[in-house]
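> sharing a model prediction with you, sequence too.
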Amino acid sequence: PATAAAAVAAATAAAAALRLQTMGGELAIEGWRVRAVSHFPTVRLAGVALGANEGRWYYEVVLLTDGLMQIGWADAGFECDPLGGQGCGDHAHSYAFDGFRQKKWCVSSSPYGERWRMGDVLGVLLDLDNREIRFTLNGNDFGAGFVDFKASSYDSQARTRAAGGRRRAGAGA
């Protein structure tokens, strides 16, 4: 049987292999810092695939600007179109929060959450056990943003921002 130390070593090695990947649009990625260069690009955490019916998944983003961004989750059916302004939350297979406009997005939008500011920490929770997606800002839980959504396999988180938007990403479980 594997020891706790071996499990920690394996998890540490797996985390070291994670990297951010551009799904569409033009981005500048430096380590865990992401800056949009043009249009409405989307980035994801490469190499992470979540099952459709299991577990709770969470990540945090430290906002390096208070600009226009849509941050959330996208499933394997998500397609982005940065030139057409379609990113996370604009497609039926994605769910996002936009603190600049204080709205939640899944194709259309509705009021949700609070205005974010540079330096804020946005938390994003995908709860497949209870079929809900929640967002927090500096630890303040806005409540369920999306409930009873169709579950597909999730291809890590997707984050979209307008040109000039920047943030530092951090993933956690």
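Happy to help now that I have it.

> for stretch 130-142, the averaged confidence score.
Mean per-residue pLDDT for stretch 130-142: 96.

> stretch 33-49 too?
Rounded mean pLDDT across stretch 33-49 is 80.

> what's the answer for stretch 71-86, then?
Stretch 71-86 shows a mean pLDDT of 87.

> for residue 83, helix, strand, or coil?
Classification of residue 83 using DSSP: H, G, I helix; E, B strand; the rest coil returns helix.

> what about it, distance to residue 98?
Using C-beta to C-beta, to the nearest Å, we find residue 83 at a distance of 19 Å from residue 98. No exception for glycine: its C-beta is placed from N, CA and C like everyone else's.

> so which of the two has more stuff around it?
Shown here are residue 83 and residue 98; by other C-beta atoms under 10 Å, residue 98 has more neighbours (23 against 11).

> list the beta-bridge partners for the more buried one.
residue 103 (DSSP bridges).

> touching, residue 58 and residue 125? I think so.
Yes - here residue 58 reaches residue 125: they are 4.8 Å apart, a contact under C-beta atoms under 8 Å.

> out of those two, which sits in the busier spot?
residue 125 (18 against 15).

> that one is in contact with residue 133, isn't it?
Yes - contact criterion C-beta under 8 Å: residue 125 and residue 133 qualify, at 6.7 Å.

> OK, contacts around residue 126?
Taking C-beta atoms under 8 Å, 6 or more residues apart in numbering as the criterion, residue 126 is in contact with 50, 56, 57, 58, 73, 133, 154.
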